[in-house]
Structures are given as C-alpha cells and as structure tokens.
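Participant: no FASTA, just this:
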C-alpha cells in the first residue's frame, strides 16, 4: 500500500493535490470493500471505465486519471478519428477506450485470457464503441500455434514457461496475419515478456510506413523465455524507430534510452509525430485539460 500511495502522490496529474488524492484512494478502498460491485468511473471527457476491487489494470486510472501517464497522453495527442490503433495485451481495455471512445479512432484490441477478455468486452459495451473496436480473444506470437497462459495474475498473466496445472490454452496468430492490408499508426505491446515473439510475427507491419510509433514494455520479463530486450531495441532501431521520451504538458518528444522498468516509446518520422501531438485537441481528465 505504501508503494501505491507513493505512486499516487508523485503522479503528474496529482501534483499539488495531496489531500484530495489521498482521499480519493481511501474512498475507493472503502467503497470497494463495502459494496464489492463494479463501479462505472468517468475516465476522460468522452469515456468511462468499469472498475472493481483488485483490478490493478483499472484502479491506477481511478487514483491518477491516467495510470501510465506519458504513454496514455501520447496516444491521446497522437491519434485522430481516421487512424487505426492496435492494442496488443489489451487487458480490460484502458488504451482501447482512450483510442476509440475519447478519440474516435478504430482499434484492434487483442487479449488472450478469456476472463480478462470478457472484462474488455464489458468496457467496450459501456462506451458504445463496438463499431469502432475489433476485439480478439487470442494471443500473438511468431507463428500460428496454441499456447498455455497463466490466468491468475491479473495484469501479469503470461505464456506458461514451466509446468503448472493452472492455465488456459489460447490460439495464437501473428500480427501480420491479423492485420493483412490494414495500416496502423500506433501499436501498444504489453505481453509480459513475449514481446520478442510478437515482433518476429510483425515483419510486414514494421515495414509499413503508416506505423509511426510503438509503446512496448521492455522490463526484462523476456528473460523467462530466453530473450534479451536489447535485441528488440536493435530490431526497432533497424526499422527506423528511436526510443523517445514524451512530455505531455509541453507536448514535446526527445530522444532517450529504453526504459528497463516500464514501457518504452519508439517513434519514427519524428517531424510528422511531433506536429501531430502539438496539434492534437485538448483532453479533459480529472477536471484538468491536458
């Protein structure tokens, strides 16, 4: 809990709001323990999120407005209504909702765990964005296959790499097969260490000039499968991307090193992307415009 409170108090959207931020945390903790029912949370101006106790993929948004602040803000500032976003490892759909409910972009939302996929569908339904979202209950990898996934770790569910009796079997396909001739502007890849396999199955996608940015988690969890995040970094560099830091309040990008704890943002065609984020409309979050 101390780690959560530190995160909340240091979050950019909570700066200077310590009392109200702490009150918000304890209000949610009390509500979720008493009622044990899902709550519809007003996410952004044009979107909402279904949240309940223990759902770490959602409660960070309740506490902070945008849980993954820089990455979510980048998506909101970059995308336009006629763009395609691909949410790989969508979980309950926070990024999907921002893309299709707030911005109005089309989204392909991919979540392998059946129970989590059902939560994703609920969030798509309460936002009335079914016409904008293609939701797929599959995994992604380097080839068509069937793999075992854990199903008890919320946002940390991953491809099974050891003997276990608690798993679900999931159909796996490649990103290239899924997209065909479709041309995404942005990918988000959060697959708990299986990122290298997803990249191997995205050769054509990476070559597509329409793809301007990738938000990808490179936190060392690929080690469990024998992968090194540096290899992914080099592959993306070869494809013309650079690791960038995004400053949402200034709407500015600058080159940086990969983040080895959380997500890294990779961008190519920097002039195009910089103009996009500069000219994106303001978004209302937690009574403030971003």
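Facilitator: Here it is on my side, so go on. Keep in mind that this is a model prediction, so the values were computed, not measured.
Participant: all helices of the stretch 151-290 of the chain, in order?
Facilitator: For the stretch 151-290 of the chain, the helices defined by DSSP state H, counting those that start in this stretch occupy 175-179, 195-200, 203-207, 229-238, 270-279.
Participant: which one, of those helices, ends up nearest to residue 12?
Facilitator: Between residue 12 and those, the tightest spacing by C-beta to C-beta is seen for helix 270-279, at 16.1 Å. For glycine as for every other residue, the C-beta is placed from the backbone atoms N, C-alpha and C.
Participant: got the buried residues for the closest one?
Facilitator: 270, 273, 276-277 (16 or more other C-beta atoms under 10 Å).
Participant: show me what contacts residue 215?
Facilitator: By C-beta atoms under 8 Å, 6 or more residues apart in numbering, the residues touching residue 215 are 71, 74-75, 186-190, 263-266.
Participant: need phi/psi at residue 7.
Facilitator: Per-residue torsions, residue 7: phi -60, psi -50 (degrees, to the nearest 10).
Participant: ranking the helices of the stretch 151-290 of the chain by burial, who's on top?
Facilitator: Highest mean neighbour count of those: helix 195-200, a mean of 22 (counted as mean count of other C-beta atoms under 10 Å).
Participant: which residues touch it?
Facilitator: 88, 140-142, 175, 189, 191, 206, 216-218, 222, 225, 227, 229, 231-232, 235-236.
Participant: over to stretch 271-286?
Facilitator: In contact with stretch 271-286 (C-beta under 8 Å, 6+ apart) are residues 13, 44-45, 65-66, 73-74, 76-80, 102, 212-213, 246, 251-253, 267, 289-290.
Participant: chain center to that stretch: distance?
Facilitator: 18 Å (C-alpha atoms, centre = their mean, to the nearest Å).
Participant: that stretch: end-to-end distance?
Facilitator: Across stretch 271-286, the terminal residues are separated by 30 Å (C-alpha to C-alpha, to the nearest Å).
Participant: just stretch 108-122 next, same as before
Facilitator: 16 Å.
Participant: list the contacts for residue 40?
Facilitator: 48-51, 126.
Participant: what do you get for residue 13?
Facilitator: Per C-beta under 8 Å, 6+ apart, neighbours of residue 13: 64-66, 69, 285-286, 288, 290.
Participant: number of residues surrounding the closest residue to it other than its chain neighbours?
Facilitator: Nearest residue to residue 13, sequence neighbours excluded (C-beta to C-beta, 6 or more residues apart in numbering): residue 65, at 4.3 Å. When counting by other C-beta atoms under 10 Å, one arrives at 22 neighbours for residue 65.
Participant: now swap in the one 4 residues further on and tell me
Facilitator: A count of neighbours around residue 69, defined by other C-beta under 10 Å, yields 19.
Participant: what's the closest residue to it other than its chain neighbours in contact with, if anything?
Facilitator: Nearest residue to residue 69, sequence neighbours excluded (C-beta to C-beta, 6+ apart): residue 12, at 5.3 Å. Applying C-beta under 8 Å, 6+ apart to residue 12 gives the contacts 69, 248-249.
Participant: from those residues, which is closest to residue 169?
Facilitator: The closest of these to residue 169 turns out to be residue 69 (C-beta to C-beta; 35.6 Å).
Participant: hmm, the closest one is touching residue 11, no?
Facilitator: Yes: Residue 69 lies in contact with residue 11 (C-beta atoms under 8 Å); the separation is 6.5 Å.
Participant: quick one: residue 144 from residue 201, how far?
Facilitator: 9 Å (C-beta to C-beta, to the nearest Å).
Participant: low pLDDT regions in this structure?
Facilitator: 1, 57, 151-158, 161-165 (pLDDT under 70).
Participant: tell me which residue is most central in this structure.
Facilitator: residue 95 (4.9 Å; C-alpha atoms, centre = their mean).
Participant: list the helices and strands the helix or strand hosting that residue packs on?
Facilitator: Assigned by DSSP states H and E, residue 95 belongs to helix 94-97. Under the contact criterion of 3 or more C-beta pairs under 8 Å, 6 or more residues apart in numbering; DSSP states H and E, helix 94-97 touches strand 47-51, helix 56-64, helix 69-78, strand 84-88, helix 114-126.
Participant: which residues does the second one contact?
Facilitator: Put plainly, it is helix 56-64. Helix 56-64 is contacted by residues 4, 7-8, 11, 13-14, 21, 24-25, 28, 41, 43, 49-53, 67-68, 91-92, 94, 154-155 when judged by C-beta under 8 Å, 6+ apart.
Participant: buried subset of these, written for ChimeraX?
Facilitator: Entered in ChimeraX, the line below selects the buried ones among the contacts of helix 56-64, by 16+ other C-beta under 10 Å:
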select :8,11,13,14,21,24,25,28,43,49,50,51,52,67,68,91,92,94,154
